[in-house]
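**Student:** model the structure of this input:
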Amino acid sequence: RGSSLMLGSVAFSPDGHRVAASGETAALQQWDLDSGQPRPPVPLPGSPLFWFAFTTSGKAVTAGFDGTVAVLDIDAGQQVQALVRLPVPADTGIKYAASGDGRTIAWWATDEKTVHLSDVATGHDVGRPLNLDAAAEGKFAPNSRINSVAFSPDGHHLIIGYGDGLWLWKTDTAQLEGGP
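**Tutor:** Residues are numbered from 1 along each chain as shown. Predicted structure coming up:
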């Protein structure tokens, strides 16, 4: 069914019985797919909820426009971890990806060429950020940008859609392992 919500992210729950959406409100909106009925939204204090992803356990890792990150238990309808603020640059678009276990979040500013990994519980950096221009030794056009990032199921790699290709990054060593 339609929604009047300006959307930031949508996703199926791991069990496939629910769909959820984030957008311009400070809550995770959700619908039961078996009945087609909306479920109560899960509130999140702070900025509008821009992005979220389900973990394999069914929790939701969320991020706001201002870099606030939280973990929500959507079945209980509550936040299960204190808000953490990532050191995102002000007044810029931020994009996110979460590991399947929900412990690590990758984030990047839409106008930068660096991917950061942060611990969801603390907001602290995990390892070194990856600057793609430096790591790829100038193989990109000056106007190339990061379009998308996804974790491997085991969380040990990121695939990065950047410029005109895909790049594989080993998360524990911050090394590029392959590209175009």
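**Student:** burial of the closest residue in space to Val88 that isn't next to it in sequence, as a residue count?
**Tutor:** Sequence neighbours aside, Gly67 is the residue nearest to Val88 in space, at 3.6 Å (criterion: Cβ to Cβ, 6 or more residues apart in numbering). Yep, even glycine has a C-beta here, placed from its N, CA and C like the rest. The local packing of Gly67 (other Cβ atoms under 10 Å) involves 21 other residues.
**Student:** show me what contacts Gly67?
**Tutor:** For Gly67, the residues meeting the contact criterion (Cβ atoms under 8 Å, 6 or more residues apart in numbering) are 85-88, 94, 107.
**Student:** what subset of those is buried?
**Tutor:** The neighbour-count test (16 or more other Cβ atoms under 10 Å) applied to these identifies 86, 88, 94, 107 as buried.
**Student:** for Gly161, give the beta-bridge partners.
**Tutor:** For Gly161, the beta-bridge assignment (DSSP bridges) gives partners Ser148, Leu166.
**Student:** hang on, it packs against Leu132?
**Tutor:** No. Taking contact to mean Cβ atoms under 8 Å, the distance of 10.8 Å between Gly161 and Leu132 leaves them out of contact.
**Student:** common neighbours of the two, please.
**Tutor:** Here Gly161 and Leu132 share the contacting residues Ile146, scored by Cβ under 8 Å, 6+ apart.
**Student:** so for the two, which residue has more residues nearby?
**Tutor:** More crowded of Gly161 and Leu132, by other Cβ under 10 Å: Leu132, with 23 against 14.
**Student:** counting neighbours, what do you get for the closest residue to that one other than its chain neighbours?
**Tutor:** Spatially, and ignoring its direct neighbours in sequence, Leu132 is nearest to Lys113 (4.8 Å; Cβ to Cβ, 6+ apart). Residues near Lys113, counting by other Cβ under 10 Å, number 20.
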